[in-house]
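Undergrad: just the structure for this:
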Amino acid sequence: MAAVPPPVYVYSPEYVTLCDSLCKVPKRASMVHSLIEAYCLLDQMKIVKPKVASMEEMASFHTDAYLQHLQKVSEEGDDDHPESVEYGLGYDCPATEGIFEYAAAVGGATITAAECLLDGKCKVAINWPGGWHHAKKDEASGFCYLNDAVLGILRLRQKFDRVLYIDLDLHHGDVEDAFSFTSKVMTVSLHKFSPGFFPGGYNLANTARCWTYLTGVILGRTLSSEIPDHEFFTEYGPDYVLEITPSCRPDRNEPQRIQEILNSIKGNLKHVV
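TA: Okay, the predicted model is just below:
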């Protein structure tokens, strides 16, 4: 029996630096990568340098007008362009200098992950800085300038007849809207539901904890509870452990309700033919 190839980890120093520049989650990409590295998980994965998405690849979903405007304000660092409002650029998605290069990098990284799956290089491909699922065809939204999730699905669809997209974000994404015209892509979104809840911010240390833990799960590794010493060690105080301390907020995810959701998902999957 052929050996299972190791997971692909999409990474380059340049890519992480670009992702660190996003003002809404500064240094998050570095915090995640550094913690994964501190737990010595990189040696068990195949590191693949991400490509940068071309204008043509981005235009497989986004409109030319939106991409051209994003590129223009990115070059000029113009956060007050009169046309930016209609493209969703503003408070949540400021048009800072270099934002187009950032968007193209994230989109390219997710496409790279998809291509690794298509080529049979791996069974799992990881792009932790990706997953920006709110951007629409001609509009930035919810800190998202490019919908790299949609771009990745479109790339997978070039080989696979059907794709199942599972979204575990705190907020409901907009990926399903992109595929509302086809039965070839099924989306399952598990998120917080509450009237007026969009969008609620990020705890960078807990994000790094969670994604590092999940990387360990993918690799079949049980990680030590104690955070290893590394560049961002002081961010994990006062307890300095991998586990996320529960807040005083009650857990309203009742076991019976969770089982109902899982049964509903399984029931829908039976109809996918």
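
Undergrad: doesn't V188 make contact with I265?
TA: Yes. With contact defined as Cβ atoms under 8 Å, I265 reaches V188; the gap is 5.7 Å. Heads up, the C-betas are built off the backbone N, CA and C, glycines and all.

Undergrad: pull out the buried residues from the biggest helix by length in the chain.
TA: Criterion DSSP state H: the longest helix present in the chain is helix 99-118. Across helix 99-118, burial judged by 16 or more other Cβ atoms under 10 Å covers 99-100, 102-117.

Undergrad: quick one, strands of the chain?
TA: Ranges of strands in the chain, per DSSP state E, are 8-10, 46-48, 125-126, 163-167, 185-189.

Undergrad: what segments of this structure are helices?
TA: Going by DSSP H, the chain shows helices at 13-20, 28-38, 55-58, 64-76, 99-118, 148-156, 175-178, 204-219, 255-270.

Undergrad: mind putting those into a markdown table with mean pLDDT and distance to D92?
TA: As requested, the helices of the chain are exported to a markdown table (pLDDT from 0 to 100; distance: least, Cβ to Cβ, whole Å):
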| stretch | mean pLDDT | distance to D92 |
| --- | --- | --- |
| helix 13-20 | 96 | 17 |
| helix 28-38 | 97 | 16 |
| helix 55-58 | 98 | 20 |
| helix 64-76 | 95 | 14 |
| helix 99-118 | 97 | 13 |
| helix 148-156 | 97 | 17 |
| helix 175-178 | 89 | 18 |
| helix 204-219 | 96 | 18 |
| helix 255-270 | 87 | 29 |
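
Undergrad: I'd like these laid out as a markdown table, including distance to L168.
TA: Formatted as a markdown table, the helices of the chain follow (distance: least, Cβ to Cβ, whole Å):
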| stretch | distance to L168 |
| --- | --- |
| helix 13-20 | 19 |
| helix 28-38 | 16 |
| helix 55-58 | 25 |
| helix 64-76 | 27 |
| helix 99-118 | 16 |
| helix 148-156 | 12 |
| helix 175-178 | 12 |
| helix 204-219 | 10 |
| helix 255-270 | 13 |
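
Undergrad: burial of G200, as a residue count?
TA: Neighbourhood size, G200 [other Cβ atoms under 10 Å]: 9.

Undergrad: same check, this time on M58
TA: 25.

Undergrad: that one against L67, yeah?
TA: Yes. If you go by Cβ under 8 Å, M58 and L67 touch, sitting 5.7 Å apart.

Undergrad: ok, back up a step: what's the longest helix of the chain packed up against?
TA: strand 8-10, helix 13-20, helix 55-58, helix 64-76, strand 125-126, helix 148-156 (3 or more Cβ pairs under 8 Å, 6 or more residues apart in numbering; DSSP states H and E).

Undergrad: so which of these is nearest V32?
TA: Each of these has some distance to V32 by Cβ to Cβ; the shortest is helix 13-20, at 8.7 Å.

Undergrad: for D229, see how far away the residue lying closest to P50 once chain neighbours are set aside is.
TA: Counting by Cβ to Cβ, 6 or more residues apart in numbering, P50 lies nearest to A109, which is 3.6 Å off, once chain neighbours are set aside. For A109, the distance to D229 (Cβ to Cβ, to the nearest Å) stands at 28 Å.

Undergrad: what of I265?
TA: I265 is 41 Å from D229, by Cβ to Cβ.

Undergrad: neighbour count winner among those two?
TA: When neighbours are counted by other Cβ under 10 Å, I265 and D229 differ, and I265 comes out ahead with 14 against 8.

Undergrad: from T187, how far out is that one?
TA: 11 Å.

Undergrad: got the contact list for stretch 103-122?
TA: Under the contact criterion Cβ atoms under 8 Å, 6 or more residues apart in numbering, stretch 103-122 has outside partners 5-8, 10, 15, 18-19, 46, 48-54, 57-58, 70, 123, 125-127, 129-132, 145-146, 148-149, 151-153, 155-156, 158-159.

Undergrad: go again using 7 Å as the cut-off
TA: 5-8, 10, 15, 18-19, 46, 48, 50-53, 57-58, 70, 125, 127, 129-130, 132, 145-146, 148-149, 151-152, 155-156, 159 (Cβ atoms under 7 Å, 6 or more residues apart in numbering).
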